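> need coordinates for the following:
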Amino acid sequence: MTPAERAARQRRANAGGLLDWGMGVGNVAKGAWDNMNTLQKASMAPVPIASDIAGVLGDIQMYNEQPETRGLLNYGMTALSILPGIPSVAAAAGKKMSRAEAGAADVNAVSRNGDPIPDEGPLGSLNVVHNLSEKNLSHADGLGGLPVPSMAVVPNDRPMTGFGEISLIGNKELATPSAKNPYFRSDAYSPRYPSTEINFNEGLLKEFNTAAKPDMDALGKSYYTLGQGMSIKDSSDFFSDPVILHKFLRDKGIKVDVEKYSDGRVNPYATRNIMQDMINAGHKSDFDKMADELFLSLEPEGRIFDGYTPSGNRRYKKETLDNITKIMKGKVNAQEGLNYGIGSYRAAVTPRFKNMKEMKKAEGLLTSSDEMKDIKEVFLREYNDVMDQLSPYKTDEFSAPLDDFMVDLALGNERISDILPNLPAEKLGLLNDFNERLRNAPSAYFEGKPQRAVGIEEFSGALVPSNASQNTLDILGRRGINRIETYADEAERAAKMKLFRDVAFSLGGIGLLDYGMYGDEEVF
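As a prediction, this is how the structure comes out:
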């Protein structure tokens, strides 16, 4: 790439990032402007003294029309706003709403157990959530808790919908940064649940293999036994097992025409695909129920690979809450084990919050997942450009590309002088500038990783699909979660999150000031 091409790429990246930031600020500012009365808007005019007086009058009008905004903090801010350069309460924060006012559309909403949602006091703007699937909820219930779960602090009007159909909603205590409850300014790419193997009860497994003998014969698998040569993690893996598929259909009285090779041998792969299509055509829910029951009937016991014995045999630990927690604790950011490029690199440089005050300062960086897609594209282009400019200085001692070393460099596991000897000062400055913009970039959520097992009962409520299984509802009820809301689609899921505003929390006290509009941080 020529210098002119690199410069053009840089200009496009800068322009794209600036456009994203400008649009984001514009939307926030428009919302605040629409909520101001005439005098409050006048206070924003760049006219000294006149705008200050208008601001004070605007605050007085706001106190009269909105009694819930009265308080010593706001009164003090109004008094200070007489001084040049300090905005009035309303001009800085927009309209401060009570639960009843902001929730006018659902002011009569009640939780699943019939308790009305409180409509007094200030609304929280953020929720802390842990998303997981129904199967993982059942697994956590069996373990006795969630080992070192990933938590996400998100705006309650833009909830996170990935990583599972269930959202467990926590309280402020679960979101408070500390040494044992680390939180980061973006996705931390933290350690995942370790790979486990399932070991079935040998006696019960033998009984199943005997019952499935006709299916083995039909498929030409006289050598087959369930569990041998297979990596089974949960009941969903049974859908790939041709013997279990055949037995299910046989038990239902459905005949299977097996596919054969030209020499007359059964083609197990083609036959498996045929059986999967037959089940998907109208029997999948029955199959899933059968698979769950079969899995549990075999008394599965999870185990974790734990290296080798002195004689070279594989060694295992039991999959217990304590063992899993010990494995997942410790180093947090950029520790997934794989290099995901710009995502892993950002996790390595992203700041860790020391306390709630630091998180408060960064609240304005939270944005929607859709907006993050464009922002990530901008940073990806710039990251690739930085790699292009630094790669010529990489030592020949290592054959791997520079990208493979960037995470270790950011974490301090490698010295830049060892990987990039003779790097010119201006190139080092280029890298440092990029790192700084990456640290202050917007994010869809702040990720936390409590260094302990978290009980399901520690959460205040749950959002579950309207077709959630009875087992899911029973687990939540047994674990003390009676506040359960159901949703039919992702749009309703986002809307229902607002019903948990009473357990939400606010990081900032005066609106726009917390969104960086009057701060020094540059949001790229």
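> can you list the domains in this protein?
Domain ranges of the chain: 3-102, 201-299, per automatic domain parsing.
> weakest of those domains in terms of mean pLDDT?
Here the lowest mean pLDDT among the domains of the chain goes to domain 3-102, at a mean of 44.
> check contacts around residue 422.
By Cβ atoms under 8 Å, 6 or more residues apart in numbering, the residues touching residue 422 are residue 393. In this view, the C-beta of every residue, glycine as well, is placed from N, C-alpha and C.
> one more time with 10 Å
Residue 422 makes contact with 392, 393, 395, according to Cβ atoms under 10 Å, 6 or more residues apart in numbering.
> give me the pLDDT for the second one.
Per-residue pLDDT puts residue 393 at 89.
> in this structure it contacts residue 430, no?
No - Residue 393 is not in contact with residue 430 according to Cβ atoms under 10 Å; the separation is 11.4 Å.
> can you pull the residues that touch both of those two?
By Cβ under 10 Å, 6+ apart, residue 393 and residue 430 have these common neighbours: 423, 424.
> turn the contacts of residue 422 into CSV, including secondary structure, distance to residue 182 and neighbour count.
Output for the contacts of residue 422, formatted as CSV (DSSP: H, G, I helix; E, B strand; the rest coil; distance: Cβ to Cβ, whole Å; neighbours: other Cβ atoms under 10 Å):
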residue, secondary structure, distance to residue 182, neighbour count
392, helix, 37, 11
393, helix, 34, 16
395, coil, 33, 13
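> quick check, nearest of the residues you listed to residue 311?
residue 395 (40.9 Å; Cβ to Cβ).
> how many neighbours does residue 313 have?
7 (other Cβ atoms under 10 Å).
> tell me how far it lies from residue 195.
18 Å (Cβ to Cβ, to the nearest Å).
> now do residue 485
Applying Cβ to Cβ to residue 485 and residue 195 gives a distance of 34 Å.
> neighbour count winner among the two?
residue 485 (21 against 9).
> these two touch, right, the more buried one and residue 492?
Yes - taking contacts as Cβ under 10 Å, residue 485 lies within contact range of residue 492: 9.3 Å.
> now do the shared contacts for the two.
Residues touching both residue 485 and residue 492 (Cβ under 10 Å, 6+ apart) are 463, 466.
> and the strands in this structure?
Listed in chain order, the strands of the chain (DSSP state E) span 126-132, 146-147, 151-155, 166-169, 183-184, 196-199, 301-308, 314-318, 352-353, 446-448, 453-454, 461-465, 484-487.
> will you turn these into CSV that also has distance to residue 411?
Formatted as CSV, the strands of the chain follow (distance: least, Cβ to Cβ, whole Å):
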stretch, distance to residue 411
strand 126-132, 25
strand 146-147, 23
strand 151-155, 22
strand 166-169, 30
strand 183-184, 13
strand 196-199, 27
strand 301-308, 25
strand 314-318, 27
strand 352-353, 12
strand 446-448, 16
strand 453-454, 26
strand 461-465, 35
strand 484-487, 39
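> distance to residue 369 and mean pLDDT for these - can I get that in a markdown table?
A markdown table is the format used below for the strands of the chain (distance: least, Cβ to Cβ, whole Å; pLDDT from 0 to 100):
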| stretch | distance to residue 369 | mean pLDDT |
| --- | --- | --- |
| strand 126-132 | 13 | 92 |
| strand 146-147 | 23 | 95 |
| strand 151-155 | 9 | 90 |
| strand 166-169 | 14 | 95 |
| strand 183-184 | 17 | 91 |
| strand 196-199 | 30 | 84 |
| strand 301-308 | 33 | 86 |
| strand 314-318 | 37 | 88 |
| strand 352-353 | 21 | 90 |
| strand 446-448 | 14 | 91 |
| strand 453-454 | 24 | 96 |
| strand 461-465 | 17 | 96 |
| strand 484-487 | 17 | 96 |
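> so which of those comes closest to residue 371?
Nearest of the strands of the chain (Cβ to Cβ): strand 151-155, 11.9 Å.
> partners of that closest one, with directions?
Paired strands of strand 151-155, with direction, are strand 126-132 (antiparallel), strand 446-448 (antiparallel) (DSSP bridges).
> a markdown table for the ones you listed, including mean neighbour count and distance to residue 501?
Formatted as a markdown table, the strands paired with strand 151-155 follow (neighbours: other Cβ atoms under 10 Å; distance: least, Cβ to Cβ, whole Å):
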| stretch | mean neighbour count | distance to residue 501 |
| --- | --- | --- |
| strand 126-132 | 25 | 8 |
| strand 446-448 | 26 | 18 |
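> of all the ones you listed, which one is nearest residue 323?
Relative to residue 323, the nearest member of the strands paired with strand 151-155 by Cβ to Cβ is strand 126-132, separated by 19.6 Å.
> tell me what angle that closest one forms with strand 461-465.
50 degrees (axes from the mean of the first three to the mean of the last three Cα atoms, to 10 degrees).
> among the strands paired with strand 151-155, which comes closest to residue 179?
Closest of the strands paired with strand 151-155 to residue 179 is strand 446-448, at 12.6 Å (criterion: Cβ to Cβ).
> what's the closest one in contact with?
Counting by Cβ under 10 Å, 6+ apart, residues outside strand 446-448 touching it are 126, 128, 130, 149-154, 170, 174-178, 181-190, 332-333, 347, 350, 353, 359, 362-363, 365-366, 507.
> if we go to 6 Å?
With Cβ atoms under 6 Å, 6 or more residues apart in numbering as the test, strand 446-448 has contacts from 150, 151, 152, 153, 183, 184, 187, 188.
> got those residues as JSON lines, with distance to residue 465 columns?
Formatted as JSON lines, the contacts of strand 446-448 follow (distance: Cβ to Cβ, whole Å):
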{"residue": "150", "distance to residue 465": "20"}
{"residue": "151", "distance to residue 465": "21"}
{"residue": "152", "distance to residue 465": "19"}
{"residue": "153", "distance to residue 465": "23"}
{"residue": "183", "distance to residue 465": "28"}
{"residue": "184", "distance to residue 465": "29"}
{"residue": "187", "distance to residue 465": "24"}
{"residue": "188", "distance to residue 465": "27"}
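> now list the buried members of those.
Neighbour-count burial (16 or more other Cβ atoms under 10 Å) applied to the contacts of strand 446-448 gives 150, 151, 152, 153, 183, 184, 187, 188.
> next one: the fourth one relative to residue 495, how far apart?
Spelled out, that is residue 153. In this view, residue 153 and residue 495 are 20 Å apart by Cβ to Cβ.
> over to the last one?
As judged by Cβ to Cβ, residue 188 and residue 495 stand 28 Å apart.
> how about residue 195?
Look at residue 195 and residue 495: by Cβ to Cβ, they are 37 Å apart.
> ok, back up a step: and of the contacts of strand 446-448, the nearest to residue 456?
Closest to residue 456, out of all of the contacts of strand 446-448 and judged by Cβ to Cβ, is residue 151, at 13.5 Å.
> residue contacts, the closest one?
Applying Cβ under 6 Å, 6+ apart, we find residue 151 in contact with 128, 130, 448.
> re the thing from before, relative to residue 267, which of the contacts of residue 422 is nearest.
Using Cβ to Cβ, residue 395 is the member of the contacts of residue 422 that lies nearest residue 267, at 52.8 Å.
> residues in contact with that closest one?
residue 421.
> going forward, the N-terminal residue is numbered 2.
Fine by me, first position is 2 from now on; the one you just mentioned is residue 396.
> residues making contact with stretch 272-289?
Residues from elsewhere that reach stretch 272-289 (Cβ under 6 Å, 6+ apart): 243, 246, 249, 257, 259, 260.
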